[in-house]
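Student: sequence unavailable; structure follows:
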């Protein structure tokens, strides 16, 4: 049975979301029909508002509804330490852990010449400006542990070598409880390089 055009159109819209296949898109589209009008209106307004109200923080490039995000506006945070991430989603992860109280900087991508992404295509110019203007003492690189992530990290280190700033990188390694058999070569190599001394 073919769905009416309106439902077919909604199914196609859901399929554009990551991880949503045909069956899930059908279920979601049909479930919209059973929602109250009030909930449907809220759903529609939320989608519109995400596109019209959300913008990038002028300082760190995080997602916000204002010129500055909540983190950049927070006077209690350590303004002299910046954690560099490649995606705003990573900020949420760090904030959930709750052990970091510095600032952030979102690159918005990683250097990947094969994909046509060069150093000038990611948000490095703003990072340099912040280091100079805000007298930053430490840069923590917390990008994806991949070839692109390593390339970006090395480029940042090179870029900052004449700046009076400490550059560190979060450790990469084998997650607790992971089966060694399923660890990929890059993760294993990084775990060996980032090993810590445990004997006296």
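Tutor: Done, it's in. What you see is a predicted model; the values in this text were computed from it and never measured.
Student: ranges for the strands of the protein?
Tutor: For the chain, strands defined by DSSP state E occupy the ranges 55-56, 63-64, 81-85, 103-106, 138-141, 166-169.
Student: of the ones you listed, which is nearest residue 18?
Tutor: Residue 18 lies closest to strand 63-64 among those, at 17.0 Å (C-beta to C-beta). In short, each C-beta sits where N, CA and C put it, glycine included.
Student: now the residue positioned nearest the centre of the chain: how far from residue 105?
Tutor: For the chain, the residue nearest the mean C-alpha position is residue 87 (2.0 Å; C-alpha atoms, centre = their mean). Remark: distance between residue 87 and residue 105 (C-beta to C-beta, to the nearest Å) = 12 Å.
Student: just residue 135 next, same as before
Tutor: Residue 135 sits 15 Å away from residue 105, going by C-beta to C-beta.
Student: more neighbours: the two, which one.
Tutor: Each of residue 135 and residue 105 has its neighbours counted (other C-beta atoms under 10 Å); residue 105 has more, 25 against 11.
Student: hmm, residue 86 and that one touching each other?
Tutor: No: Residue 105 is beyond contact range of residue 86, at 10.1 Å (criterion: C-beta atoms under 8 Å).
Student: now do the contacts for the closest residue to residue 100 other than its chain neighbours.
Tutor: Of all residues not flanking residue 100 in the chain, residue 94 sits nearest, at 5.2 Å (C-beta to C-beta, 6 or more residues apart in numbering). By C-beta atoms under 8 Å, 6 or more residues apart in numbering, the contact list for residue 94 reads 83, 85, 100, 104, 142.
Student: mind listing what the closest residue to residue 26 other than its chain neighbours touches?
Tutor: Using C-beta to C-beta, 6+ apart and skipping residues adjacent in sequence, the residue nearest residue 26 is residue 11, 5.7 Å away. Residue 11 is in contact with 3, 22, 25-26, 29, counting by C-beta under 8 Å, 6+ apart.
Student: swap in 6 Å and give it another go.
Tutor: 25-26, 29 (C-beta atoms under 6 Å, 6 or more residues apart in numbering).
Student: residue 100: neighbour count?
Tutor: With other C-beta under 10 Å as criterion, residue 100 counts 16.
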